[in-house]
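Visitor: The following comprises the amino acid sequence and a computationally predicted model.
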Amino acid sequence: MKSVRWVIVFSALLMLSRTWAAETSPTKLGIIGLTHTHVHWAFESEKRGDFKIVGIVEKNKDLAKRYSEQHGYSMSKVYDSMEEMFAAVRPQKALQPSEPFLSI
């Protein structure tokens, strides 16, 4: 009977630890495009642990390289298309920085 209790207690603790680990893991974020400079906040927020940038879609490799040197990410995170990034790293969320306001 004692062994059954220990199995139940151990199983409950295991489930709680997995739940806790899932809740404390940062969200995996993909960034689509680096052309708008207000994307810098995402790199700064990652340093605080708000989320983890797992992939970046940017065709302009010179821009991606410049940002990688400035923010310290690997160019292996840079993909040519959304499909390629989503297939490779499966981000939980995606951010597409764009102009907040365009006047015509």
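Guide: Nice, thanks for sending it over.
Visitor: tell me which element the closest residue to Pro91 other than its chain neighbours is part of?
Guide: In space, and not counting its chain neighbours, Pro91 is closest to Gly30: 3.4 Å by Cβ to Cβ, 6 or more residues apart in numbering. All C-beta atoms are positioned from the backbone trio N, CA, C, and that covers glycine. Using DSSP states H and E, Gly30 sits in strand 27-32.
Visitor: average pLDDT for that strand?
Guide: In this model, strand 27-32 has a mean pLDDT of 94.
Visitor: Report all helices and strands that it contacts.
Guide: helix 40-47, strand 51-57, helix 82-89, strand 93-95 (3 or more Cβ pairs under 8 Å, 6 or more residues apart in numbering; DSSP states H and E).
Visitor: before we move on, the earlier item: can you tell me which residues contact the residue nearest to Pro91?
Guide: Contacts for Gly30 (Cβ atoms under 8 Å, 6 or more residues apart in numbering) come out as 53-57, 82, 85-86, 89, 91, 93-95.
Visitor: Which of these ranks first by neighbour count?
Guide: Ile56 (25 neighbours; other Cβ atoms under 10 Å).
Visitor: The helices and strands packed on strand 27-32 into a markdown table, with extra columns for distance to Gly72 and mean pLDDT?
Guide: Converted to a markdown table, these look like this (distance: least, Cβ to Cβ, whole Å; pLDDT from 0 to 100):
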| stretch | distance to Gly72 | mean pLDDT |
| --- | --- | --- |
| helix 40-47 | 8 | 89 |
| strand 51-57 | 11 | 95 |
| helix 82-89 | 18 | 96 |
| strand 93-95 | 18 | 91 |
